[in-house]
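J.: predicted model, plus sequence, below.
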Amino acid sequence: MKTSQIMNLTSNKNIFNTAYPICLTLIAQNIINVTDTAFLGHVSEVALGASAIAGMFYIAVYIVGFGFSQGTQILIGRRNGERDYPKIGLIFNNGLLFNLLLSIAVFAFSYFQISNIINFLVNSEEVYNAVLEYLDWRIYGFFFSFFNIMFRSLYVGITKTRVLSVSAIITSLTNVFFDYAMIFGNFGFPELGIAGAAIASVIAEFVTFLFLLGYTIFKMDTKRYALFSFSKIDFKIIKQMLGLSIFIMFQFFISTSTWFLFFIFIEHMGERPLAITNIGRSLYMLLMIPGVALSTTINTLVSNLIGAGRKNEVVPFINRMVKVTFMLVVPITIFTFAFPELITQIYTDDIDLMKASVPVIRVVSIAMTFCAVGNVIFNSVSGTGNTRTAFLIEFVTMFFYIAYIYYTAIINPSTTAVVWLSEFVYWILIGALGYWYLKKGNWQKKEI
């Protein structure tokens, strides 16, 4: 790839053009979360808290497929940088097949093991029943969401992300409509409460899948990229994808499972702390969007840069993006810290719950700055292709993270806000270790 093309690839304009559709996609995904949380907050405190545990269980399983798609995205980005376009289709086609098999496996595991797992972990019988009521429907979404993330990895990998903007709008509108209809029983639908939220999410993922499939077939140059020209399973390609993805899959599963444990520990503190934590989680995931969108973009651009033979530009590029991320996130942090009461009104009309949630919202607001910067650095490590090192960094960080949560929630119970300070432990440590590796590690010798 020519130098001028590389400069254009890493220009602020191209980064924005690549990042904002990803941002919209993340907004759509989080609108599902925010809508579910906001609507269920007006159903009951139990439903609000239970949706947190149920949602985190779903994400903890879903993230296995997402981890595989991240490895696929890195490979597609590398082949795109090399301008080896037919290989992109080979990677994508085999990735679709693998994720189909993976979705069947995780659905079967969830279907047969949900009740045993939740019964073992949850104290409150009311919370237990509500979690199962949600997950009994939600797990059907695995089939569609695992395909959707493969389409996402394709479009991010080739830096053609505008289609993701449309898919984001479709996901959001579909989910909001069916949430309002099926949680409360509007428009002639039955009033299903927490089960209605689960069904609405599955419908939204299904509609999004149909759109992405149709767009790819009718609008993409399928011949150029050799998309859907599937003749046989290429085990060599799958092995290559798994070699790159396996540590990302383990890394994501461990990090998300740890956050699932975070909610389980909070549940042992009572139903009110769990409800507060779900409000904090919903805001947290919403505020993460700009940083995550940038870090996802930077991940694939780092892979594209390396594929184009410009490894010397990687660290300066990351340094520049850390500054951009910091400037982008700080105004959001200031606003949410200054006006936490406005945030709580979205989720509940219970005055006591609103007041109790304010300290957590302020902790989340400040933590987001560290989250955004740490995310950019850590995704850059994965973008180099050395996913084993990224996994090791995650594993070390998780040890200290879990130790802090266990101590503040179980051994020496503190306030919910003090437990949430664990986010500072996580992001400061993972950012510092990631940056040290980028400066001192041997990633420039890695070939994929």
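T.: All right, it came through fine.
J.: residue 443 contacts residue 388, doesn't it?
T.: No: at 10.8 Å, residue 443 does not count as touching residue 388 under the criterion of C-beta atoms under 8 Å. (Each C-beta comes from the backbone N, C-alpha and C, glycine too.)
J.: who has more neighbours, those two?
T.: Between residue 443 and residue 388, counting by other C-beta atoms under 10 Å, residue 443 is the more crowded of the two (20 against 16).
J.: quick one, phi/psi of residue 348?
T.: phi -160, psi 150 (degrees, to the nearest 10).
J.: what's the distance between it and residue 134?
T.: 18 Å (C-beta to C-beta, to the nearest Å).
J.: show me where the stretch 251-400 of the chain has its helices.
T.: Using DSSP state H, counting those that start in this stretch, the helices of the stretch 251-400 of the chain run over residues 271-287, 289-307, 314-338, 340-347, 351-383, 387-406.
J.: looking at the ones you listed, which is closest to residue 119?
T.: Of all the helices of the stretch 251-400 of the chain, helix 271-287 sits nearest to residue 119, with 16.6 Å by C-beta to C-beta.
J.: tilt between the closest one and helix 289-307?
T.: 50 degrees (axes from the mean of the first three to the mean of the last three C-alpha atoms, to 10 degrees).
J.: just to revisit the earlier point, of residue 348 and residue 134, who's got more company?
T.: Remark: of residue 348 and residue 134, residue 134 carries more neighbours, 28 against 22, as counted by other C-beta under 10 Å.
J.: and for residue 406, the neighbour number?
T.: 16.
J.: that one: what's it in contact with?
T.: With contact taken as C-beta atoms under 8 Å, 6 or more residues apart in numbering, residue 406 is in contact with residue 265.
J.: nearest to residue 243, out of the helices of the stretch 251-400 of the chain?
T.: Short answer: helix 387-406, nearest of these by C-beta to C-beta, at 8.6 Å.
J.: quick check: what element follows the closest one along the chain?
T.: helix 416-420 (DSSP states H and E).
J.: residues making contact with the following helix or strand past that next one?
T.: Proceeding N to C from helix 416-420, the next assigned helix or strand is helix 422-440, under DSSP H and E. Here helix 422-440 makes contact (C-beta under 8 Å, 6+ apart) with 262, 284, 314-315, 318, 363-364, 367, 370-371, 373-375, 377-378, 380-381, 384, 386, 389-390, 393-394, 396-397, 400-401, 404-405, 408, 443.
J.: quick one: work out the angle between helix 422-440 and helix 289-307.
T.: Using the same axes, to 10 degrees, helix 422-440 lies at 20 degrees relative to helix 289-307.
J.: residue 337 and residue 207, how far apart?
T.: 36 Å.
J.: looking at the two, which has the bigger crowd around it?
T.: A count of neighbours by other C-beta under 10 Å puts residue 207 above the other of residue 337 and residue 207, at 18 against 15.
J.: measure residue 215 to residue 76 for me?
T.: Taking C-beta to C-beta, one finds residue 215 at 17 Å from residue 76.
J.: more crowded one of the two?
T.: When residue 215 and residue 76 are compared for neighbours, residue 76 comes out ahead with 29 against 15, by other C-beta under 10 Å.
J.: check contacts around that one.
T.: 88, 91, 92, 153, 154, 157, 158, 300.
J.: could you do residue 400 as well?
T.: Contacts of residue 400 (C-beta under 8 Å, 6+ apart): 425, 429.
J.: okay, it and residue 50: tell me how far apart.
T.: Counting by C-beta to C-beta - residue 400 and residue 50 are separated by 29 Å.
J.: tally of neighbours for residue 189?
T.: Residues near residue 189, counting by other C-beta under 10 Å: 16.
J.: quick one: neighbours of residue 335, just the number.
T.: 13.
J.: okay, it: pLDDT?
T.: With respect to pLDDT, residue 335 has a value of 93.
J.: ok, now residue 7?
T.: So, for residue 7, pLDDT stands at 49.
J.: equivalent analysis for residue 32, please.
T.: pLDDT, read off for residue 32, is 70.
J.: what of the one 3 residues further on?
T.: The predicted local distance difference test score for residue 35 is 74.
J.: next up, the contacts around it.
T.: Contacts of residue 35 (C-beta under 8 Å, 6+ apart): 175, 176, 179.
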